[in-house]
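only geometry, no sequence info:
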């Protein structure tokens, strides 16, 4: 269903462009600090409605905006146990190195595979369009990588099994 | 609009009947406009679901090529409301084909009304 991925990503791109309008918001609860409101939820009034964009039940994206931060959670399509395992390992590889990615969240939101947290400080250092491009590219690459990993896994499995079983083949 | 739950239910049933009638006489755009009039913001949950189903019925009457013109025909209020409904539908776990149609609607709305439409949706507290 690769040909329907493009409209799905286009919708996510336009929604992110709209949601990533962030500004600094000093915390109303703690003095002299500004915390990402979507994570701490100190003030209910600045947290906006979460938006879901779904291709189907197993492939969806949740965008939770607030005044100074946006949380983006992605659920990747996993059709069988091999892909589930690969997705888990892939996600944990990234989340263990989250500080290098800056915008990655160490734990995904409940019900999703991977989450990003973008705050206004990130937008001050980085260009908004490039961040959106990064997230869209990430989503495309995750799908492709998991399929490639699965094929490589099965190829290695077949080669190893053939090599092992060849010792039991009829010889003379 | 301040109406009681019963009145909302009646109004929603009336809208449904009108939309079905308009769809039968192949007036898709009028059916869409009718489904997007008077959003049930203060109605109970089943009435809201009913209104959403009616809108989905009106939307599915359009072919892909006609969607862009249909969105141009709507006013600003109706476009914002339609955008809110799109996000509501995606949260409802509909089948993949319906979701794919909704992507087309979204792209058409954004090309007509711009990114501002999504921003207006985000910052509005009233959702259907």
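All right, it came through fine. Since the structure is predicted, the reported quantities are computational estimates derived from the model, not experimental observations.

quick one: the strands in chain A?
A:51-56, A:59-65, A:69-75, A:114-119 (DSSP state E).

Ok, which of these comes nearest residue B:7?
strand A:51-56 (30.3 Å; CB to CB). Just so you know, the C-beta spots here come from the backbone N, C-alpha and C atoms, and that holds for glycine as well.

can the closest one be found next to chain B?
Yes - with CB under 8 Å from any CB of the partner chain as the criterion, chain B is reached by strand A:51-56 at A:51, A:52, A:53, A:54, A:55, A:56.

Contacts only, for the second one.
Spelled out, that is residue A:52. A:60, A:61, A:62, A:63, B:87, B:90, B:91 (CB atoms under 8 Å, 6 or more residues apart in numbering or on different chains).

Now it: closest residue in space that isn't a chain neighbour?
residue B:91 (4.0 Å; CB to CB, 6 or more residues apart in numbering or on different chains).

now the helices for chain A?
For chain A, the helices defined by DSSP state H cover A:5-19, A:37-40, A:81-96, A:98-101, A:120-125, A:128-165.

Equivalent analysis for chain B, please.
Going by DSSP H, chain B shows helices at B:5-24, B:28-35, B:45-59, B:64-73, B:76-90, B:96-113, B:115-122.

could these go into TSV alongside mean neighbour count, mean pLDDT and distance to chain A?
Below are the helices of chain B laid out as TSV (neighbours: other CB atoms under 10 Å in any protein chain shown; pLDDT from 0 to 100; distance: least, CB to the nearest CB, whole Å):
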stretch	mean neighbour count	mean pLDDT	distance to chain A
helix B:5-24	16	87	21
helix B:28-35	21	85	20
helix B:45-59	18	88	14
helix B:64-73	15	87	11
helix B:76-90	21	92	5
helix B:96-113	19	91	4
helix B:115-122	19	92	4
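
Determine which of those approaches residue A:68 most closely.
The nearest among these, by CB to CB, is helix B:115-122 at 14.0 Å.

The closest one to helix B:76-90, inter-axis angle?
Following axes from the mean of the first three to the mean of the last three CA atoms, to 10 degrees, one obtains 70 degrees for the angle between helix B:115-122 and helix B:76-90.

Which elements pack onto helix B:115-122?
Counting contacts by 3 or more CB pairs under 8 Å, 6 or more residues apart in numbering or on different chains; DSSP states H and E, helix B:115-122 packs against helix A:5-19, helix B:76-90, helix B:96-113.

let's see it at 7 Å
helix A:5-19, helix B:76-90 (3 or more CB pairs under 7 Å, 6 or more residues apart in numbering or on different chains; DSSP states H and E).

Reformat these as TSV; add distance to residue B:10.
TSV is the format used below for those (distance: least, CB to CB, whole Å):
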stretch	distance to residue B:10
helix A:5-19	35
helix B:76-90	20
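
picking up where we left off before, JSON lines for the residues of strand A:51-56 next to chain B, including distance to residue A:113 and pLDDT?
Formatted as JSON lines, the residues of strand A:51-56 next to chain B follow (distance: CB to CB, whole Å; pLDDT from 0 to 100):
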{"residue": "A:51", "distance to residue A:113": "18", "pLDDT": "93"}
{"residue": "A:52", "distance to residue A:113": "15", "pLDDT": "93"}
{"residue": "A:53", "distance to residue A:113": "15", "pLDDT": "94"}
{"residue": "A:54", "distance to residue A:113": "14", "pLDDT": "92"}
{"residue": "A:55", "distance to residue A:113": "14", "pLDDT": "91"}
{"residue": "A:56", "distance to residue A:113": "15", "pLDDT": "87"}
